[in-house]
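**Student:** Sequence unavailable; structure follows:
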């Protein structure tokens, strides 16, 4: 027999889904702690076969996606909530609804004001239509991406695609964060600010939180220009300051961005994120001189190292692999993927780490694996290790 609270929860869910007001539904707090499946995220999508529910099964090292028809989806959710998870959270256009199974077996249901932006469209093509619109977007015009008619300039079309790809990649990761008011985002080495402005635009539009964002840039002229554009765009909580990645005083950092920070500056940024216990660290590394110069290979791989281009690429792989491993050692669930295809930019690898635990219980195993990699390539020390003191 279904408990009255469970029945009420599913009645509410039916109404929210069928009225197309569901932003997302999350199932968390797994009943069996040893299971690899950690969380399920459910959203509504409009496919060729009709209105459906999209399930993302989030495991420790992979995500599995499945689309179901509405009624089938309801049945799956009910089974999952009965057998697999203790908690569920509905994020709707007009309210949030939480379902919690307490330790004594009783069920608690609470409602709260909506915390995410309303859903107006469920089509998969919505992202293709661009998350960052060119129309009447002042910062894009002032940065030269669009003209006075809000049309994307032909010579800036690749930059516009890069901006949107960046937001498209980060948006699902950001939605998994527990954003709080005064959430502080720092963009280290913000440069001309293309991606800084775009991320602030997205965050201020997509969340109801009071997001504070700081762009850190060493060049005075760019700091001045970007602050002027921020004022013109009425981006009140976005500011740009002069400083270096390693030394600038920034206070608590909740989301750290470092795109194309050259060589060990990427390590400085990762270290600052770990130091601040940031909820997410996002890097697109540039140059890998420290490791390339450190190679001292005396084994079979020495033949590979005599080819300059292959040595350079190997340095990139080893440098970024160790970065990702060290982030995992400090409690970050890390992904490494292509930022944007190399036809648009050669600097196309992105590392994203989302904080999931205080420290990884397998920290020593990870550090031992890092040591084995260094031994294979004759590397004495990775710069990030020196910063972390490991």
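**Tutor:** Nice, thanks for sending it over. Because the structure is a prediction, the values reported are computed rather than measured.
**Student:** all strands in the stretch 1-150 of the chain, in order from the N-terminus.
**Tutor:** 22-30, 37-47, 50-59, 63-69, 85-92, 96-101, 107-112 (DSSP state E, counting those that start in this stretch).
**Student:** got the angle for the longest one vs strand 22-30?
**Tutor:** Computed with axes from the mean of the first three to the mean of the last three Cα atoms, to 10 degrees, the direction of strand 37-47 lies at 160 degrees from that of strand 22-30.
**Student:** what helices or strands is strand 37-47 leaning on?
**Tutor:** Here strand 37-47 touches strand 22-30, strand 50-59, helix 70-83, going by 3 or more Cβ pairs under 8 Å, 6 or more residues apart in numbering; DSSP states H and E. Any C-beta I mention is one placed from the backbone N, CA and C, and that applies to glycine too.
**Student:** Give the buried residues for the longest one.
**Tutor:** The one in question is helix 70-83. 73-74, 76-77, 80-81 (16 or more other Cβ atoms under 10 Å).
**Student:** Give the bridge partners for residue 213, please.
**Tutor:** residue 185, residue 238 (DSSP bridges).
**Student:** is it true that residue 269 touches residue 263?
**Tutor:** No: if you go by Cβ atoms under 8 Å, residue 269 and residue 263 don't touch, sitting 11.5 Å apart.
**Student:** Those two: which has the busier surroundings?
**Tutor:** Neighbour count, other Cβ atoms under 10 Å: between residue 269 and residue 263, residue 269 has more, with 28 against 18.
**Student:** which residues touch that one?
**Tutor:** Residue 269 sits next to 188-189, 245, 256, 258, 261, 281, 283 when contact means Cβ atoms under 8 Å, 6 or more residues apart in numbering.
**Student:** Pipe the helices and strands packed on strand 37-47 into CSV and attach mean pLDDT and distance to residue 5 per row.
**Tutor:** Listed next are those as CSV, based on pLDDT from 0 to 100; distance: least, Cβ to Cβ, whole Å:
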stretch, mean pLDDT, distance to residue 5
strand 22-30, 92, 16
strand 50-59, 86, 22
helix 70-83, 92, 11
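**Student:** List just the one of these that sits closest to residue 384.
**Tutor:** Closest to residue 384 of those is strand 50-59 (Cβ to Cβ; 26.8 Å).
**Student:** same for that closest one, what does it pack against?
**Tutor:** Strand 50-59 packs on strand 37-47, strand 63-69, helix 70-83, going by 3+ Cβ pairs under 8 Å, 6+ apart.
**Student:** which stretch among these comes nearest residue 352?
**Tutor:** Among the helices and strands packed on strand 50-59, strand 63-69 comes nearest to residue 352, with 13.0 Å by Cβ to Cβ.
**Student:** which of the residues in the closest one are buried?
**Tutor:** When burial is assessed from 16+ other Cβ under 10 Å, strand 63-69 yields the following buried residues: residue 68.
**Student:** Counting neighbours, what do you get for residue 177?
**Tutor:** For residue 177, the neighbour count with other Cβ under 10 Å is 16.
**Student:** Kindly report the same for residue 383.
**Tutor:** Around residue 383 there are 21 residues (other Cβ under 10 Å).
**Student:** can I assume it is in contact with residue 267?
**Tutor:** Yes: Residue 383 is within contact range of residue 267, at 4.7 Å (criterion: Cβ under 8 Å).
**Student:** Most tightly packed of the strands of the stretch 1-150 of the chain?
**Tutor:** Each of these was scored by mean neighbour count; the highest is strand 85-92, a mean of 21, by mean count of other Cβ atoms under 10 Å.
**Student:** now for that one, which elements pack on it?
**Tutor:** Checking 3+ Cβ pairs under 8 Å, 6+ apart, strand 85-92 ends up next to helix 4-18, strand 22-30, strand 96-101.
**Student:** List the contacts of the longest one.
**Tutor:** Same thing as helix 4-18. Residues outside helix 4-18 that contact it (Cβ under 8 Å, 6+ apart): 22, 25, 44, 53, 70, 74, 77-78, 81, 88, 90, 92-93, 97, 99, 107-109.
**Student:** List just the one of the helices and strands packed on strand 50-59 that sits closest to residue 132.
**Tutor:** Closest approach to residue 132 among the helices and strands packed on strand 50-59 (Cβ to Cβ): strand 37-47, 20.6 Å.
**Student:** and the angle for that closest one with strand 50-59?
**Tutor:** 160 degrees.
**Student:** Averaged pLDDT, strand 37-47. What do you get?
**Tutor:** Average pLDDT, strand 37-47: 87.
**Student:** remind me which residues of the chain are low pLDDT?
**Tutor:** Within the chain, the set of residues satisfying pLDDT under 70 comprises 1, 61-63, 117-129, 208, 340-347.
**Student:** so what are the domain limits for it?
**Tutor:** 4-112, 130-251, 282-390 (automatic domain parsing).
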